[in-house]
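Visitor: Mind folding the following:
(one chain, ligands or ions: 1)
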Amino acid sequence: MRRRVTKAVFPVAGLGTRFLPATKSIPKEILTLVDRPLIQYAIDEARAAGITEFIFVTSRGKSALEDYFDHAPELEAKLRRSNKTELLEVLRGTNMESGAIAYLRQHQPLGLGHAVWCARRLIGAEPFAVILPDDVIAGDVPCLKQMVDAHSETGGNMVAAMEVPADKVSAYGVLDVAEDMGMLARVRGMVEKPKPEEAPSRLAVIGRYILTPSVLKNLGKKRAGAGGEIQLTDAIADDIAQGHDVFGFRFRGQRFDCGSKAGFLQATLAFGLARNDLHDDLIEFIEDVVAARRAAQ
Ligand code: UTP
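Guide: The predicted structure is shown next:
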């Protein structure tokens, strides 16, 4: 029987320069989509996929993230006294079981691959998930749950993938597909941030992975790749060369790049519109803005 995936790594040690000055003192993952920080969406997705051990790779200046997962007894007592039961439930949803969450430091921002490698001792010899909280994915079935279900059939490595326009491929890791099976694509190679003319496809890697421990060994070789960073994509590609399976998984759902300002604003609108308590006010506002723009043209 295949081993269940119960550990997830959350690499959150990046500098978040695209959100400066906000990220000068606030970790990017604490930035708020409607009323929940990005990291809460990632944790909820992981829980829905059966993850029970949460490994955060953090860096200097990220203590707000650690505080976020602390219990808040005074706040809970106040909400209980004032009978705010709904809010109390929301607050309790952020609590983590003691011992379920671990924090590690990446001392230098040497790249995503290096951040994942920092978690090697806590992962050990089992398959593990990686979630990048700035990729927020809306869907009926959470993306990682879809992947864990598919992975129970395939084993090997699996990366979330989606088709992107040709002029956008250089922002992603891109898959070289050996066999396209629809939802799954068997991969024979991966290229990090290729030039459009050199991209092997338009199937790009999105921030959800299920990886085998051999990828950690490859990361241990610490080879700097695109942008001088230690790239996770390179270590997964090395695993293919070593005879292991890698699958691209076309997930069902809408992905928002909340690491970029435009993506974050789009996600704010989409998640706001999906909320009954905000939908009508938001729609009215959007219609006014569009009407004013049309009138001005
Ligand atoms: P990004 O490429 O989005 O970089 O990292 P960033 O530093 O977070 O943001 P910008 O580009 O400066 O605005 C993708 C993911 O990899 C993590 C980030 O925290 C993010 O989740 N990462 C990146 C690390 O944990 N360590 C690194 O050295 C680099």
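Visitor: mind checking how far R186 is from M147?
Guide: Distance of R186 to M147, given as Cβ to Cβ, to the nearest Å: 15 Å. Using the backbone N, CA and C atoms, a C-beta is placed for each residue, glycine as well.
Visitor: pLDDT weak spots in the protein?
Guide: Where the chain drops to pLDDT under 70, the residues are 1, 225-226.
Visitor: Get me the contact residues on it for the ligand.
Guide: 11-18, 28, 57, 106, 109-112, 114-115, 132, 134, 259 (Cβ under 6 Å from any ligand atom).
Visitor: PyMOL command to pick out the buried ones of these?
Guide: In PyMOL syntax, the buried subset of these is picked out as below (16 or more other Cβ atoms under 10 Å):
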select buried, resi 11+12+13+14+16+28+57+106+110+111+112+114+115+132+134+259
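Visitor: Filter the residues of the chain next to the ligand down to just the ones in helices.
Guide: By the criterion of DSSP state H, membership of the residues of the chain next to the ligand in helices covers L112, H114, A115.
Visitor: Just confirm the last one contacts Q106, I think it does.
Guide: Right, A115. Yes - here A115 lies in contact with Q106, judged by Cβ atoms under 8 Å, at a distance of 4.8 Å.
Visitor: Give me the common contacts of those two.
Guide: Listed as contacting both A115 and Q106 by Cβ atoms under 8 Å, 6 or more residues apart in numbering are P11, A13, V57.
Visitor: how about JSON lines for the residues you listed, with distance to G139 added?
Guide: Conversion of the shared contacts of A115 and Q106 to JSON lines gives the following (distance: Cβ to Cβ, whole Å):
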{"residue": "P11", "distance to G139": "22"}
{"residue": "A13", "distance to G139": "27"}
{"residue": "V57", "distance to G139": "26"}
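Visitor: Give the phi and psi angles for the nearest residue to V205 once chain neighbours are set aside, as a check.
Guide: Leaving out its chain neighbours, the residue that sits closest to V205 by Cβ to Cβ, 6 or more residues apart in numbering is G173, at 3.9 Å. Backbone torsions for G173, taken as degrees, to the nearest 10, come to phi -80, psi 140.
Visitor: which residues does the residue of the stretch 151-297 of the chain found nearest the ligand contact?
Guide: Here the residue of the stretch 151-297 of the chain nearest the ligand is G259; by Cβ to the nearest ligand atom that distance is 4.1 Å. By Cβ under 8 Å, 6+ apart, G259 lies in contact with G16, R18, K28, L132, D134, D135.
Visitor: If we only consider these, which is nearest to the ligand?
Guide: R18 (3.3 Å).
Visitor: From R186, how far off is the residue nearest to P165 when sequence neighbours are not counted?
Guide: In space, and not counting its chain neighbours, P165 is closest to R202: 7.2 Å by Cβ to Cβ, 6+ apart. Note on R202: its distance to R186, by Cβ to Cβ, is 17 Å.
Visitor: quick one: buried residues of stretch 222-237?
Guide: Those would be G225, E229, I230, Q231, L232, T233, D234, A235, I236, A237, for stretch 222-237 by 16+ other Cβ under 10 Å.
Visitor: Can you tell me which of those end up in helices?
Guide: Counting by DSSP H, the buried residues of stretch 222-237 contribute L232, T233, D234, A235, I236, A237 to helices.
Visitor: so can I have JSON lines of those residues showing distance to V34?
Guide: JSON lines is the format used below for those (distance: Cβ to Cβ, whole Å):
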{"residue": "L232", "distance to V34": "29"}
{"residue": "T233", "distance to V34": "31"}
{"residue": "D234", "distance to V34": "36"}
{"residue": "A235", "distance to V34": "35"}
{"residue": "I236", "distance to V34": "33"}
{"residue": "A237", "distance to V34": "37"}
